[in-house]
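Novice: Okay, structure incoming, though there's no sequence with it:
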């Protein structure tokens, strides 16, 4: 299983990344940025679909909450009613997860490629030898130049700059897509998640190679840009600062996107 | 729905971290900073000294070990090198953690009754070879380091020469540890230099090969090869031999740096090539051991092993001893490359084996030293480097 994973996904990406660093003036930092951008662009249709599905699901939340309250004691009826709502809206409740699941192996491979290519210790460098292709360009690039903008990419960042950047960009990205809830318990839970994840990653940044943190920052920034254009502006982030009504302003847009999705699914049926 | 998403997100997070931590060798950590080391042995009087994966310098007496005496027996000792590793546990926010230890890569050198060991955190320790007490440490200030020392220290009997990850080549006085000179190069240096006739030869990860005056550290000549230097350097007669990351083994003129020949393998020549009787024996990560004509680079024979050969090979009178990372020791006829005996150790070996007559001593990744009788193919004794 591991061999198949390496053969089909990890090794091509790893060798591609290393070869790319040679084209980027022997600069591995630039190669990380470039490959992250390229992969996010390739996965853009999936990301957009996922974002739209999520938005559509969120637009149904008031109605879902209403049904949940109404049929709280009748689970069977609750499920039936929920399925009816999804059916009417033309939404698959798991629709926002499939794109995420398809993207997952690619993210894992990119993450592993960066970790392996950085080869922080002599053992890591040796392990790398078993993944490399017999390409002249790869042979020339190894070991990679780990200096980038004052960072040692194979070492944790000595300053707090990268940790703050990772935490902040992740928080912004999450805040843009997390709707405020009328239910105080749910609101508390989502606030916790929105805060905990960025804090966790910021903490990881202090121990992990800064090349990986660089990838997180770039990936988050691209995520924010995609979210901004696809999701319609700053989304729920602006609400966090403006303290508005619970109903977001771009719900109308979301409803439109739900309608588009519905139309799309109907067209597919035809 | 929200719960499903939360569970999925946490699942993703865990899977990402689990798949990113570790590799097939099991040596990598999540942060990619775990270093275990692969020191070999040096003999002083009747004891063998080596650096352990737990950060100790250990002297063992093969006779005492074969008699299964309690460690330490007479002549035996160990010295734990405690290091400060900033951020090893929780990153830059943490203050340096004292009292931790790191694996040793450098095979110790011995001269004048002192054992010399370079450490991963950038210090050289000179230890009394009889008693196991420290004579001096370089650099002297506790907060000063010279960058990780991966490669072996070399000595001409009077002085020590060593290289560091900080791109520098150093020379210090062997008796006192006094600084003599340093020479900055363009790249990180993880491969051992070679000294011959007052000239120090070194290669680095920027593809530079340099010849320095061992007295002054001044450059006599330097060349650039197309790829970084992957193996320690060997000098024999008028040639300098080394491997590179583009899978070549080079022979260059030691007086000018002019290329004489190069031989391409199936992967990196990671281990130091060994020269004997006009032949080169080179272990390769392509699962093979090659024998080449030292003057022409013509392949004489090749021997296929079960895995990459990471550790340098060892020579006995008429045999080549190679150990692959699958933990199999091969006794090969030096003349024609035919297998004489195959001896399973059972664990990955990265450290250089040490031969003494028919006995070969191997420090495996299970933290045990194995004494193997190559005449009978049996393991005579083993010794765990986990010491209290």
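Specialist: Cool, got the structure. Computed from a prediction, not measured in an experiment: that's the story for all the values here.

Novice: could you pull out the helices for the stretch 151-300 of chain B?
Specialist: Using DSSP state H, counting those that start in this stretch, no helices are found in the stretch 151-300 of chain B.

Novice: Show me which residues of it sit near chain A.
Specialist: B:188, B:190, B:205, B:226-228, B:244-247, B:266-268, B:270, B:285 (CB under 8 Å from any CB of the partner chain). Just so you know, the C-beta spots here come from the backbone N, C-alpha and C atoms, and that holds for glycine as well.

Novice: Show me the two of those that sit farthest apart.
Specialist: B:188 and B:266 (25.2 Å; CB to CB).

Novice: Comparing these two, which residue is more hemmed in?
Specialist: Regarding residue B:188 and residue B:266, a neighbour count based on other CB atoms under 10 Å in any protein chain shown identifies residue B:188 as having more, with 22 against 13.

Novice: give me phi/psi at the more buried one?
Specialist: Dihedral pair for residue B:188: phi -60, psi 140, per degrees, to the nearest 10.

Novice: ditto for the one 3 residues further on
Specialist: Backbone torsions of residue B:191, given as degrees, to the nearest 10, read phi -120, psi 140.

Novice: For chain A, what's its nearest residue on the stretch 101-250 of chain B.
Specialist: Closest residue of the stretch 101-250 of chain B to chain A, CB to the nearest CB: residue B:246 (3.3 Å).

Novice: was I right about residue B:114 contacting residue B:131?
Specialist: No. At 10.9 Å, residue B:114 does not count as touching residue B:131 under the criterion of CB atoms under 8 Å.

Novice: more crowded one of these two?
Specialist: Per other CB under 10 Å, whichever of residue B:114 and residue B:131 has more neighbours is residue B:114, with 23 against 12.

Novice: how near is residue A:78 to residue A:61?
Specialist: 15 Å (CB to CB, to the nearest Å).

Novice: Can you tell me the closest non-neighbouring residue to the residue most central in space within chain A?
Specialist: Nearest to the mean C-alpha position of chain A, by CA atoms, centre = their mean, lies residue A:223 at 6.5 Å. Excluding its sequence neighbours, the residue lying closest to residue A:223 (CB to CB, 6 or more residues apart in numbering or on different chains) is residue A:173, at 4.8 Å.

Novice: One more: residue B:152?
Specialist: residue B:192 (4.1 Å).

Novice: what's that neighbour in contact with, if anything?
Specialist: Contact analysis of residue B:192 by CB atoms under 8 Å, 6 or more residues apart in numbering or on different chains lists B:151, B:152, B:153, B:154, B:163, B:232, B:233, B:272.

Novice: Now for those, which sits with the most neighbours around it?
Specialist: Highest count within the contacts of residue B:192 by other CB under 10 Å belongs to residue B:163, 31 neighbours.

Novice: I'd assumed residue B:154 was in contact with that one.
Specialist: No. Look at residue B:163 against residue B:154 with CB under 8 Å: they stay out of range, at 9.3 Å.

Novice: Give the intersection of the neighbour lists for these two.
Specialist: By CB under 8 Å, 6+ apart, the residues touching both residue B:163 and residue B:154 are B:192, B:193.

Novice: Next, please give the residue ranges for the strands of the stretch 1-150 of chain B.
Specialist: Per DSSP state E, counting those that start in this stretch, the stretch 1-150 of chain B carries strands over the ranges B:41-44, B:47-51, B:56-60, B:77-80, B:83-85, B:97-100, B:109-111, B:114-118, B:124-128, B:134-138.

Novice: Which positions within the fourth one qualify as buried?
Specialist: Spelled out, that is strand B:77-80. Residues of strand B:77-80 classed as buried: B:77, B:78, B:79 (neighbour count, 16 or more other CB atoms under 10 Å in any protein chain shown).

Novice: That strand pairs with which strands, parallel or anti?
Specialist: Sheet pairing of strand B:77-80 (DSSP bridges) gives strand B:56-60 (antiparallel).

Novice: Direction-wise, compare the partner strand with strand B:47-51 and give the angle.
Specialist: 160 degrees (axes from the mean of the first three to the mean of the last three CA atoms, to 10 degrees).

Novice: neighbours of residue 59, just the number please.
Specialist: By default, I'm working from chain A. Residues near residue A:59, counting by other CB under 10 Å: 24.

Novice: um, chain B though
Specialist: By other CB under 10 Å, neighbour count at residue B:59 equals 25.

Novice: who are the neighbours in contact with the nearest residue to it once chain neighbours are set aside?
Specialist: Excluding the flanking residues, the one nearest residue B:59 by CB to CB, 6+ apart is residue B:47, at 4.4 Å. Going by CB under 8 Å, 6+ apart, residue B:47 touches B:59, B:60, B:61, B:75, B:76, B:129.

Novice: was I right about the first one contacting residue B:73?
Specialist: Spelled out, it's residue B:59. No. Assessed by CB under 8 Å, residue B:59 is found out of contact with residue B:73, at 10.3 Å.

Novice: contacting residues around residue 219?
Specialist: No chain was given, so I picked chain A. A:36, A:40.

Novice: hm, I was asking about chain B
Specialist: For residue B:219, the contact set (CB under 8 Å, 6+ apart) comprises B:183, B:210, B:211, B:212.

Novice: cutoff 7 Å now
Specialist: By CB atoms under 7 Å, 6 or more residues apart in numbering or on different chains, the contact set of residue B:219 is B:210, B:212.

Novice: Settle this for me: residue B:175 is touching residue B:112, isn't it.
Specialist: Yes. In this structure, residue B:175 is within contact of residue B:112 by CB atoms under 7 Å, at 6.1 Å.

Novice: got the phi/psi numbers for residue 150?
Specialist: Here I'm looking at chain A. phi 80, psi 0.

Novice: Quick one: the helices in chain A, in order.
Specialist: A:2-5, A:11-23, A:28-42, A:44-59, A:61-70, A:75-89, A:98-118, A:122-129, A:136-141, A:161-177, A:184-205, A:210-231, A:236-242, A:251-269 (DSSP state H).

Novice: Flag whichever of those helices has the least confidence on average.
Specialist: Least confidently modelled of these is helix A:251-269, at a mean of 50 by mean pLDDT.

Novice: any weak-confidence spans in chain B?
Specialist: In the predicted model, chain B carries pLDDT under 70 at residues B:1-33, B:84-100.

Novice: Get me the contact residues on chain A for chain B.
Specialist: A:57, A:93, A:97, A:104, A:107-108, A:111-112, A:115, A:118, A:120-124, A:126-127, A:129-130, A:136, A:139-140, A:142-143, A:154, A:156-159, A:186, A:193, A:206-209 (CB under 7 Å from any CB of the partner chain).

Novice: So what touches stretch B:232-242?
Specialist: B:151-152, B:191-194, B:196, B:201-203, B:229, B:231, B:249-255, B:260, B:272-275, B:280, B:294.
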